[in-house]
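Chemist: Please work out how this folds:
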Amino acid sequence: MNEKLKAYNDKMQKSFDYLREDLASIRAGRANPHVLDKIKVDYYGTPTPLQQVGNVSVPEARIIQIAPWDKTLIKDIEKAIMMSDLGITPSNDGTVIRLVFPELTEERRKQLTKDIRKKGEDAKVAVRNVRRDGNDAFKKLKGTEVSEDEINDLNEELQKITDKFIKDIDVAVEEKNKEVMTV
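Modeler: Residues are numbered from 1 along each chain as shown. This next block holds a predicted model:
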């Protein structure tokens, strides 16, 4: 791949990776430990990812269980979960914390699919902005040692890369929507 195109490809890849992480954090009726990825626990004054302070498991389809390695952290973990936008109240038995995910209503599923589509559109806009930046940079090459044909080739290649990422985004959004709508 051309060195000039690689930077734009990498930026588009970052946008796509961000979308995938964002979609993984959306709960779809089943318990998915990735919904906890963004939650940080105050561990001796340091914000620490939840997965690093305990064992996170899914014993049943709609339950996430967190077994902290340091039992004194139970209150801090519960507080971090309550402060997050997860919308689930944790319960504990003194040794483990359980998060019970309620069954999603039809209305909530439809709302989630709208949110997913919006996240997909935002990712497409980010990819197109990278393409625009690339096209602008290529236009500035006019009058330098780069020929007009080479500039056109760069623009065409950048468009192909953009199309690939747009297609990947559509596939990711469609898969997540299917997952959310599956009862």
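Chemist: Quick check, residue 69 in contact with residue 56.
Modeler: No - counting by Cβ atoms under 8 Å, residue 69 does not reach residue 56; the two are 11.5 Å apart. Using the backbone N, CA and C atoms, a C-beta is placed for each residue, glycine as well.
Chemist: Please say which of those two ends up with more neighbours.
Modeler: Using other Cβ atoms under 10 Å, the more surrounded residue of residue 69 and residue 56 is residue 56, with 18 against 9.
Chemist: With just CA atoms, put the helix or strand where that one lies into CSV.
Modeler: Following DSSP states H and E, one finds residue 56 within strand 54-60. The C-alpha trace of strand 54-60 is given here as CSV (Å, rounded to 0.1, in the frame of the first residue of the first chain):
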residue,chain,number,x,y,z
GLY,A,54,-11.6,-9.5,39.9
ASN,A,55,-12.7,-12.5,37.9
VAL,A,56,-15.6,-11.7,35.6
SER,A,57,-17.7,-14.6,34.4
VAL,A,58,-21.1,-15.4,32.9
PRO,A,59,-22.6,-18.4,34.9
GLU,A,60,-26.0,-18.0,33.2
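Chemist: Excluding chain neighbours, what is closest to residue 69?
Modeler: Setting aside the residues directly before and after it, residue 69 is nearest to residue 54 in space (Cβ to Cβ, 6 or more residues apart in numbering), at 5.7 Å.
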